[in-house]
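>>> give me a model of this one.
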Amino acid sequence: MLRQQDVGHRIVVRRIVGIREGRPLFSDALGELVELSETHLTIATAQGRVRVPVAEVHRAKRVPPTRRPTATAVVELELAADEAWPAPVRGRLGDWLLRSADGWTGRANSALPVGDPDRPLPAAVDAIERWYAERGQPAMVNTPLPLAVPVGAELDARGWSARPLTLVQTIALAALPPAEPAETPDADRAGPAANPPNGAHADRTSSIAGPPVTLAVAPSEEWLAVAAGRKGGLPDSARHILTAVDRVRFAQVCADGVLVATGRGTVTGQGRWLGLSLIEVAPQARRQGLAVRVIRALVDWGAAEGATHAFLQVEQRNTEAVSLYRKLGFTTHHTYLTRVAPPT
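Model prediction:
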């Protein structure tokens, strides 16, 4: 039988779905085990989430993970993620991207080595080091794995360090669990969110139970303050990164006039990918399901925009967030390491 150690892994379950002529009828489900309790188990399958009573399980076991994504799939997703987090200063080495944003976040201040750099690998790394030195920044490279293993080997030989591993996780929007039933919030709780702080222009409000999630086309100053607190300041380049996307929404939840939850959604990659970022809940409002509600509101917006899949990036060591995303059905598409050049 399955154990808690199997949560997060790919499994196959054979369940009893009926009896015919005195013999049991079986149905199989294959996917990632996202939840396991004494009474039920939940599997994220290609067709959506399946909740199976333990009493109906005939057999269940862990199976090998799915095959790694193709290089083409990794490149497609990395470019969609770059489009969703656009650095204001950009350059190219063949197909490789060079990005700079006053040091605000590693993603926007690192080279992205996907495709052909149009020169030998050592020369490409030399060019990266020069480009960042000209801007007074440490050279950094985001290495999608396993695609950029050769790049990583070259950086190892030069003594580059690595930041914590980041998971790039994805899900088909149709596979996300449905929203909670809607309730009509009372007036004193609905009021603050109905009028977003500092005049942010709201264009949509979710109907999930509790204080509503408001989606705005521009971030409020309070929303930006949360982002600044999380990322360490907010230079002009940061505002560019956050807003310079054609299709973007800023989610917020207010309780008693106080901003307690935020999130950001983008639609990029030729309209296929909904990017989720900066999902944040104030400490006093955690464990109330607000992060899930923010995600759900952004997913509904993304789906209405035509997106079919969502992605997010989360450090592997952030176990609380990884666990939340696993329960929602997100799985790891690929990973990346941010590599940093040694001081000169």
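
>>> any weak-confidence spans in the stretch 201-344 of the chain?
201-209 (pLDDT under 70).

>>> all helices for it, in order.
Assigned by DSSP state H, counting those that start in this stretch, the stretch 201-344 of the chain shows helices spanning 221-231, 236-243, 290-304, 319-328.

>>> in a helix, Glu129, correct?
Yes: with DSSP: H, G, I helix; E, B strand; the rest coil as the criterion, Glu129 is located in a helix.

>>> distance of it relative to Leu145?
Separation of Glu129 from Leu145 (Cβ to Cβ, to the nearest Å): 21 Å. Glycine gets a C-beta too; all of them are placed from N, C-alpha and C.

>>> so which of the helices of the stretch 201-344 of the chain gets nearest Gln137?
helix 236-243 (11.8 Å; Cβ to Cβ).

>>> chain center to that closest one, what's the gap?
In terms of Cα atoms, centre = their mean, to the nearest Å, the gap separating the centre of helix 236-243 from the centre of its chain is 19 Å.

>>> over to stretch 256-273?
11 Å.

>>> swap in stretch 56-65?
The chain centroid and the centroid of stretch 56-65 are separated by 28 Å under Cα atoms, centre = their mean.

>>> show me which residues of it are buried.
Under the neighbour-count criterion of 16 or more other Cβ atoms under 10 Å, stretch 56-65 has 56-57, 60 buried.

>>> can you give me the neighbour number for Ala122?
Careful, residue 122 is Pro and not Ala. 11 (other Cβ atoms under 10 Å).

>>> sticking with it, tell me its helix or strand.
Using DSSP states H and E, Pro122 falls within helix 121-134.

>>> for that helix, which helices and strands make contact with it?
Contacts defined by 3 or more Cβ pairs under 8 Å, 6 or more residues apart in numbering; DSSP states H and E place helix 121-134 against strand 89-93, strand 96-100, strand 140-145, helix 149-157.

>>> for the record, mean pLDDT for it?
Helix 121-134 shows a mean pLDDT of 98.

>>> please begin residue numbering at 3 from this point
All set: I'll call the first residue 3, so the last point we hit is now helix 123-136.

>>> that helix vs strand 91-95, what angle?
Interaxial angle of helix 123-136 relative to strand 91-95 (axes from the mean of the first three to the mean of the last three Cα atoms, to 10 degrees): 160 degrees.

>>> run the angle between helix 123-136 and strand 98-102 for me.
20 degrees.

>>> hang on, the earlier thing: export the buried residues of stretch 58-67 as CSV, with columns for pLDDT.
Listed next are these as CSV, based on pLDDT from 0 to 100:
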residue, pLDDT
Glu58, 92
Val59, 93
Ala62, 93
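
>>> so for the helix holding Pro124, what gets flagged as buried?
The neighbour-count check on helix 123-136 (16+ other Cβ under 10 Å) flags 126-127, 129-131, 133-134 as buried.

>>> nearest to Gly93, of those residues?
For the buried residues of helix 123-136, the nearest to Gly93 is Trp133 (6.0 Å; Cβ to Cβ).

>>> do I have it right that that closest one meets Gly93?
Yes: using Cβ atoms under 8 Å, Trp133 is in contact with Gly93, at 6.0 Å.

>>> what residues do those two have in common as contacts?
Residues touching both Trp133 and Gly93 by Cβ atoms under 8 Å, 6 or more residues apart in numbering: Leu100.

>>> helix/strand/coil for Asp118?
Asp118 - assigned by three-state DSSP - is coil.
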